[in-house]
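Trainee: Everything below, folded, please.
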Amino acid sequence: MSGCPTSQATIPARPQITSTSSLLHLLRPADDSVLHLPATNPLLVEEVVARVGSGATGWAIENSRLLLAELSGEPFARFDQKSRSETRLVEAIALWVVLRLSGIRSITGVLSAELTHTIRERISDNTTVDHVLRYVRAAHASFTRELFEFRDAVIPAEDQAAMMRSISSDLFEGMETLSATVAEKFAAERDRWFAGSVGERLELVSSILKGKPVDTMRALRQLGYDLTLHHVALVLWQDEISPDSSRDLEATALRLLDQVGCSSMLMLPAGPGRLWAWGGRATDRPAELRRSDKPVDLPPHIHVASGLPGDGVAGFQRSHEQAVTAERVGGIIEPGPFGLCDYGDLEPVILLGNDAEAAADFVRRELGPLAADNRSMAALRETVRCLLDNERGVAITAKHLHIAKNTVVYRVKKAEQLLGRSLREDRLRLHLALYLAGRLGTSVLADHDPASGLENSIRAVAK
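Mentor: Reported below is the predicted structural model:
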């Protein structure tokens, strides 16, 4: 009986890698979920997937996140590696790299719009075009290095030199195209930004926020806002930018600041779909938004982060810093009441969760088996925490959780069995561990390596 043996027939043929395009088809991210969490416009990601495939697109996005940490030192210390602007810029560069290797020679329309957005946000920080271009070139060089390392791992030694020449040629031309586009957009956006008074006002406010000496009378004339008041700061933003974005953000900010008793207000556009706002009172401090008598009613497309009330120039600075921190931390945990990212509400998480590994160790040590990351343990943790929140009141806990009182009693007994002690023992430590578990979630629960999720830690985003 003739024919190939079964063992030979089942051996797959080694794919031939003859071009950069065929090399792209071998790229894969370690975590496929990155495709569902892009920092750039989803339309751009869809365009790249259509041209190079989901594997190369995911590889580009994943490596852009890893690269951010490498760009945190000099000469790029002025760039905020945790900001959405920097994440979007590096991701856009990565996506351009794989597009260029696929044969695309010019910046596409969606990518062009993405670069415009990221550059527009850099303009407000007094960044020069040289700083931006050095940053872009460093990012581009890093992706080139990663591709060479991948080439060495998958291509036979005799073919590596030819592939290196092909990659180098494609990416050298791609870098020239990208640099020219960035320089052109930077000049246009800087001219647009400083054409009006917004740039001057934001430049003054940025100087104040950096702690530089300020003449409060001059600031009053230029800003129309008195820095000697009692202040509260807000940061507002939208996920999708529309022609009415600026008006919607300002209307929401005015309503919220009026709600906490502010009589004087300052609004500053801080980028596309983003607004910085302050409200002031002369007699006493404004109220905290989370303690407002009225519900914080936010439109579904608008997000708000708020700082704590403060006094004078220092309070103006501090409240804004707190609002920015609340925005960053609120992005990785469950939203607070009404979807508001309030610093006062998040402060315990920021202070207690500043060290991701220490927080995870504390939670697991205190909760033991209750720290398991599954649905049944989550129900026990929620019940015990609610019970402690309500001074061990079984009836009020049952009402709050919409369960029977007998269910509360059963869950409490089960939790005590797993803990090996009464809930009255070390109650404060237990309550804190439950609080952190509830707010930080899987990053501090069992069966999760905190070291692998440091980019999601409070320490990583609260700086």
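Trainee: What residue spans form the domains of the chain?
Mentor: Domains of the chain are assigned by automatic domain parsing as 14-193, 229-344, 353-462.
Trainee: just how off-centre is the longest one within its chain?
Mentor: A distance of 19 Å separates the C-alpha centroid of domain 14-193 from that of its chain, computed with C-alpha atoms, centre = their mean, to the nearest Å.
Trainee: helices or strands next to the longest helix along the chain in the packing?
Mentor: Ranked by number of residues, the top helix in the chain under DSSP state H is helix 157-193. Helix 157-193 sits against helix 20-24, helix 84-101, helix 109-123, helix 129-154, with contacts defined as 3 or more C-beta pairs under 8 Å, 6 or more residues apart in numbering; DSSP states H and E. (C-beta placed from N, C-alpha, C; glycine too.)
Trainee: Output the below-cut-off pLDDT ranges for the stretch 301-450 of the chain.
Mentor: Along the stretch 301-450 of the chain, the parts satisfying pLDDT under 70 run over 332-338, 353-356, 447-450.
Trainee: switch the cut-off to 80
Mentor: Low-confidence segments of the stretch 301-450 of the chain (pLDDT under 80): 330-339, 348-359, 392, 426, 439-441, 443-444, 446-450.
Trainee: Could you do the stretch 51-200 of the chain as well?
Mentor: Using pLDDT under 80, the flagged stretches of the stretch 51-200 of the chain are 68-86, 120-128, 151-167, 190-199.
Trainee: swap the cut-off to 70 and go again
Mentor: For the stretch 51-200 of the chain (pLDDT under 70), the answer is 71-84, 123-127, 159-160, 193-197.
Trainee: what about Met175, how many neighbours?
Mentor: By the criterion of other C-beta atoms under 10 Å, Met175 has 19 neighbours.
Trainee: Once you drop chain neighbours, what's closest to it?
Mentor: Once flanking residues are discounted, Met175 sits nearest to His140: 5.2 Å by C-beta to C-beta, 6 or more residues apart in numbering.
Trainee: The one you found touches Val182, doesn't it?
Mentor: No - the criterion here is C-beta atoms under 8 Å, and His140 misses it with Val182 at 10.5 Å.
Trainee: still on that earlier bit, determine the next helix or strand in the C-terminal direction from the longest helix of the chain.
Mentor: Using DSSP states H and E, the helix or strand that directly follows helix 157-193 along the chain is helix 197-209.
Trainee: Quick one: list the elements packing against that following helix.
Mentor: Contacts defined by 3+ C-beta pairs under 8 Å, 6+ apart place helix 197-209 against helix 216-223, strand 264-269, helix 312-330.
Trainee: got the residue ranges for the helices in the stretch 301-450 of the chain?
Mentor: Along the stretch 301-450 of the chain, counting by DSSP state H, counting those that start in this stretch, helices occupy 312-330, 343-352, 356-367, 375-389, 394-401, 405-419, 427-440.
Trainee: Quickly compare the ones you listed and say which is most buried.
Mentor: Of the helices of the stretch 301-450 of the chain, the one with the most neighbours on average (mean count of other C-beta atoms under 10 Å) is helix 312-330, at a mean of 22.
Trainee: the inter-axis angle of that one versus helix 84-101?
Mentor: 50 degrees (axes from the mean of the first three to the mean of the last three C-alpha atoms, to 10 degrees).
Trainee: CA-only coordinates of helix 312-330 in CSV, if you can.
Mentor: Once non-C-alpha atoms are left out, helix 312-330 reads as follows in CSV (Å, rounded to 0.1, in the frame of the first residue of the first chain):
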residue,chain,number,x,y,z
GLY,A,312,-5.8,80.3,48.8
VAL,A,313,-3.1,79.6,46.2
ALA,A,314,-2.0,76.4,48.0
GLY,A,315,-5.6,75.1,48.1
PHE,A,316,-6.0,76.0,44.4
GLN,A,317,-3.0,73.8,43.6
ARG,A,318,-3.7,71.0,46.0
SER,A,319,-7.4,70.6,45.1
HIS,A,320,-6.5,70.3,41.4
GLU,A,321,-3.7,67.7,42.1
GLN,A,322,-6.3,65.7,44.1
ALA,A,323,-8.8,65.9,41.2
VAL,A,324,-6.2,64.6,38.7
THR,A,325,-5.2,61.8,41.1
ALA,A,326,-8.9,60.9,41.6
GLU,A,327,-9.4,60.7,37.8
ARG,A,328,-6.5,58.3,37.4
VAL,A,329,-7.3,56.1,40.4
GLY,A,330,-11.0,56.1,39.6
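Trainee: Would you mind pulling the contact partners of that helix?
Mentor: For helix 312-330, the surrounding residues in contact (C-beta atoms under 8 Å, 6 or more residues apart in numbering) are 82, 208-209, 211, 214, 216, 227-235, 237, 276, 278, 303, 305-310, 336, 341-343, 346, 349-350, 458, 461-462.
Trainee: Next, count neighbours for Arg218.
Mentor: Arg218 has 10 neighbouring residues, counting by other C-beta under 10 Å.
Trainee: and the gap between the nearest residue to Cys386 once chain neighbours are set aside and Asn406?
Mentor: Among residues not flanking Cys386 along the chain, Thr397 sits closest, at 4.8 Å (C-beta to C-beta, 6+ apart). Distance, Thr397 to Asn406, using C-beta to C-beta, to the nearest Å: 12 Å.
Trainee: before we move on, what about Leu388?
Mentor: Taking C-beta to C-beta, one finds Leu388 at 19 Å from Asn406.
Trainee: And for Glu47?
Mentor: According to C-beta to C-beta, Glu47 and Asn406 sit 56 Å apart.
Trainee: Count the neighbours of the residue nearest to Ile208 when sequence neighbours are not counted for me.
Mentor: Leaving aside its sequence neighbours, Ile208 sits nearest to Val214 (C-beta to C-beta, 6+ apart; 5.1 Å). For Val214, the count of nearby residues is 16 (other C-beta under 10 Å).
Trainee: quick one, what contacts Val214?
Mentor: Contact analysis of Val214 by C-beta under 8 Å, 6+ apart lists Leu204, Ser207, Ile208, Leu227, Val313.
Trainee: picking up where we left off before, would TSV of the helices and strands packed on helix 197-209 with distance to Ala188 be doable?
Mentor: What follows is the helices and strands packed on helix 197-209, written out as TSV (distance: least, C-beta to C-beta, whole Å):
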stretch	distance to Ala188
helix 216-223	26
strand 264-269	17
helix 312-330	27
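Trainee: so which of those comes closest to Glu189?
Mentor: strand 264-269 (12.9 Å; C-beta to C-beta).
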